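**Q** Starting from these lines, generate the structure:
(chains A and B)
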Amino acid sequence: MDRVILFKPTLSRLVRRGPAALSLAAVPLALSAGPAWAHASDRGLIMLLPTDRYLVGGAIAVAVSFGLLALSPDRLFRWAATARLRLFTIDDRWRVVTSIAAFALFLGLIATGLLGSRDPLSNPLTLTIWTLWWVGITLLHGLFGNLWAWINPWTGPYRLLRRLAGGDAQPPLTLPVRLGYWPAVLAFAGFAWFEQVDIAPDDPERLAIAAGTYWAITFLGILLFGEKAWLSRAECFSVFYRIISRVAPLSAEPVAGSETRRRLVLRPPGAAVLGAPPLPISGLFFLMLTLSSVSSEDFNRTFFWLGLHGVNPLEYPGRSGTMVINSIGIVLVWAALIAVFAGAVALGNRMAGRGAGLPESLGRLAMTIAPISLAFHLAHYLTAVMVNAQYALLAASDPFGRGSDLLGLSGFQVTTSFLMNYESVETIWNLQAAAIVGGHVLAVYMAHLVALRLHGDARAATVSQVPLAVVMVLYTLFGLWLLATPIAA
Amino acid sequence: MDERKTPNTATTNGLTRRTALKGLGAAAGAAAIGTQAAPGFVRYAQAQSSEPIKIGFQAHRTGIGAAYGRWYERTTEAAVRLINEAGGINGRPIELIVEDDGTDPRRGAEVVERFATQHRVDVVFGTLFSHVVMGSAPRAGELKMPYFCVSEGHHVASGVLNRYIFQPGITDVKSQVISMAPWVAENLGKKVTMIFPDYAFGHDHRDFFSEAIAAQGGEALELIAIPPTESSFTRYFPRIPSETEVIYHVMVGPGVLTFVSEMGQFYGANRPQIFGFIDSLEAVDLASPGLEFLEGTYFWEGFPRYAMPEATEYDTFFREQVGVNADGASIDDPQDISTYSHMFGCWETLYIIKQAMEASGYSSATDADKAGLIEAVEAMTEFPEGFEHPQGRKTFDGKTHQCFGHQYISVVEDSRLNVVHKTSIEDGLYEPEVDYTTQPL
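**A** Now for the predicted structure:
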């Protein structure tokens, strides 16, 4: 007999159910009756998987990895902190060229957004921004380091303009240091809100206007406050990519005696976090927002959250009907994450007898969230990418919607059968679960590296990490639950 | 040449617009994939410009409806291609303009507005989800925009919408449900327990079917409403009375597989008859794990997913053109199951738009021509089975703006659906609830 039928979910049943006695009868249904066709999506198949075992297993894996790290000899971490394989050097000035190329591409995309197909799944702008860039390029940062420094659409145009203007004039204004990362927090909050709450972030014209406006504001910011200040503290993607690229094994280091050459080095993943200055409190808020916003996007669609607010997930009213609760969800998950993280670090510091150094501990340990952020990014967007990459391929073959077939794809039909097939859904689920667990294990390891540096001796470092390890275990559970629980999709 | 019997020749022989425009020859060309050429065709074809007819396709490209929207799109594109290859509408090609409504009612209204004021389309077409139709329809009425939905909701015929809204390509849920009652009562049993999600969709089934089964001398013994956020169903099954002869279920959403699987655990091999609506498992492979229990149970189908030995040439042609194999799956990817019970509605609706535009001599997106189009649709009474209406013959009520057609009942055998009964159109008729023709244009 089928193991799926034999298996009686227990924990997952508890975590899935949410408020059982929920009454939706009181919700005024202004709409006349008609089928809603909430479909049996991939979640339907995932609900047949023994997800509660994954939840327990993932949590145990993270806890065990913490134990193993605590028992590992110090010299292993000293080696990890310093080991590097030097590769070739590159000339930093090429960034002007790559950035100008990216800017030209950006302009072209904005034009297709304004003038091209109105169908978000045919328009190159929508597909490039939401699928290729925000999912694909972001994940590449976890492997190849800070690519954004090379392909952002501002560096090149700005430096070119500066050169044409003849100069090395100082920017007219100074971005106050006390502002910290708050401008980036504001910008990223706006981005997250647009992506998750706005009624039509996929609308090509709307997206073109939003992206164009953000480009212009950023360019103005650079003109007024200088490239370095604006891109390091106000342009949210530069900040985000700089931090998460510290997870990557590949990084670029300055070359002694040269202002323009940088050397690519290969290091153990996560080691780059040690060389970074601690984040100020605004940086902690920023990084937590980048993580929480990916979590809240799933959380806001769970039957649990919708049920709490009397929204029927089988007749999901769409974005317009859930703007308030989606906004609340973003803020709530963000606030909860900050509180839990800061609480755990403070408790750990106290347990290790280092109560005074809390800001530094927070500022350094915050960066260890980066691999979790990447893991959530992968798990959350994986299925969407698998579908939309097919549309992107079609759009690349016919970029102006004129029926051209540059890539010879004629007759290619987008398929989503992998979301409705038990074996492939199981494979995808395993990949997602592995990403979540792997991200947390890497985070625990990075936190251990940082703690050794903060506390000096291994014993104090381990003790200080116990509360944070508990948080990591809980967040692993939360991440896996988000992937397993029924959602309105 | 007998093109009707070899429908492929209509497309592969290269019936270009140019050839189609040659007067009577054009009418023959249009008939190549249809069963009748509207008389208006010849009268107006030569007078028209070659400006395209703009059809606004209000699509669920994103949001909760995206998975279904994909097959609506494929069907729509196939039908538009065929119509254009056969000479278009009144000699003018169709230009399909896609706008994404995000499966959102408010966005739906915005999209209708955009169709009217920016794209200046001739008609809006293709909306699937009922709540989006409900959100979009008032704006379509205000803008005097003919709006053809394909959602199977009872909203059109219930009278809550307006004169500009039509559903001529797919029967509504009320008709589907009541047409099931005679066969269920006669063949499966008269003592029915209904299990349905506790909101409007489920309530429709509850109300329509319990009344219809009573009319057959049957009885709904127990009505089990499941909260929509429920994800485990075991505790509801003990409420099924032991004298139940038929379980009628219409669960939808991600919990469906769990529901079936748990019902299987509850009953084992000894179960009452079970009847459901394929809406629960539209686009789902019946060989999916957890669905083993469905073997030998019955489903409503709008259009049989699996090609039956007695399938018409129209069904075969429709599958071929949309790219669907004999198992109701994509030819390119046999694991990609189509929404076969519903998507034909897009195809049939487009042919009705064509027929009505030709009958009314529609020439431009003016209020007068649109009014003429509305009246032409309202004047229709019947759509004969054919290449334009592959699902089967339908009748149309111009007062309620809703069509009525045949329904199918199929049994699951070896994880396939085999048709056991085809209802008559009369089985699904009910008293009209509205007369839209009394509303001003």
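
**Q** tell me the domain boundaries of chain B?
**A** As recorded under automatic domain parsing, the domains making up chain B are B:8-171+B:311-405, B:174-301.

**Q** Same check on chain A?
**A** If you go by automatic domain parsing, chain A breaks into A:38-83+A:278-489, A:88-165+A:175-267.

**Q** mind checking which of these is nearest chain B?
**A** Closest approach to chain B among the domains of chain A is made by domain A:38-83+A:278-489 (2.8 Å; C-beta to the nearest C-beta). Placement of C-beta: from N, CA and C, glycine included.

**Q** quick check, the closest one touching chain B?
**A** Yes. Domain A:38-83+A:278-489 is in contact with chain B by C-beta under 8 Å from any C-beta of the partner chain, via A:38-41, A:43-45, A:47-48, A:303-304, A:306-307, A:312-321, A:411-422, A:485-489.

**Q** Distance from the chain centre to that domain, please.
**A** 8 Å (C-alpha atoms, centre = their mean, to the nearest Å).

**Q** Strand partners (parallel or antiparallel) of the helix or strand where residue B:420 lies?
**A** Secondary structure assignment for residue B:420, by DSSP states H and E: strand B:416-422. Partners of strand B:416-422 in the sheet, by DSSP bridges, are strand B:408-413 (antiparallel).

**Q** rank the domains of chain A by mean pLDDT and give me the bottom one.
**A** Lowest mean pLDDT of the domains of chain A: domain A:38-83+A:278-489, a mean of 91.

**Q** coming back round to it: reformat the domains of chain A as JSON lines; add mean neighbour count.
**A** Output for these, formatted as JSON lines (neighbours: other C-beta atoms under 10 Å in any protein chain shown):
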{"stretch": "domain A:38-83+A:278-489", "mean neighbour count": "20"}
{"stretch": "domain A:88-165+A:175-267", "mean neighbour count": "19"}
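
**Q** Residue B:118: which of those domains is closest?
**A** Nearest of the domains of chain A to residue B:118, taken as C-beta to C-beta: domain A:88-165+A:175-267 at 9.3 Å.

**Q** Pull up the distance across the closest one, start to finish.
**A** 14 Å (C-alpha to C-alpha, to the nearest Å).

**Q** so how far is it off the chain centroid?
**A** For domain A:88-165+A:175-267, the gap between its own C-alpha mean and the chain's C-alpha mean amounts to 15 Å (C-alpha atoms, centre = their mean).

**Q** And the contacts of the strand holding residue B:420?
**A** Here strand B:416-422 makes contact (C-beta atoms under 8 Å, 6 or more residues apart in numbering or on different chains) with B:183, B:187, B:278, B:286, B:298-299, B:301, B:304-306, B:308, B:327, B:406-411.

**Q** Emit the ChimeraX select command for whichever of those are buried.
**A** Selection of the buried residues among those in ChimeraX, burial being defined by 16 or more other C-beta atoms under 10 Å in any protein chain shown:
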select /B:183,278,286,298,299,301,304,305,306,327,406,407,408,409,410,411
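
**Q** now, which of the contacts of strand B:416-422 lie within helices?
**A** Judged by DSSP state H, helices contain the following of the contacts of strand B:416-422: B:183, B:187.

**Q** just to revisit the earlier point, out of the domains of chain B, name the one with the poorest average pLDDT.
**A** Lowest mean pLDDT within those: domain B:8-171+B:311-405, at a mean of 86.

**Q** Can you show me the CA trace of stretch A:155-169 as CSV?
**A** The C-alpha trace of stretch A:155-169 is given here as CSV (Å, rounded to 0.1, in the frame of the first residue of the first chain):
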residue,chain,number,x,y,z
THR,A,155,28.4,53.6,-11.7
GLY,A,156,29.2,53.8,-15.4
PRO,A,157,27.0,56.7,-16.4
TYR,A,158,28.0,58.7,-13.3
ARG,A,159,31.7,58.2,-13.9
LEU,A,160,31.4,59.0,-17.5
LEU,A,161,29.4,62.1,-16.7
ARG,A,162,32.1,63.1,-14.2
ARG,A,163,34.8,62.7,-16.7
LEU,A,164,32.9,64.7,-19.3
ALA,A,165,32.4,67.4,-16.7
GLY,A,166,36.1,67.4,-16.4
GLY,A,167,36.5,66.5,-13.0
ASP,A,168,37.1,65.4,-9.6
ALA,A,169,34.8,67.9,-8.0
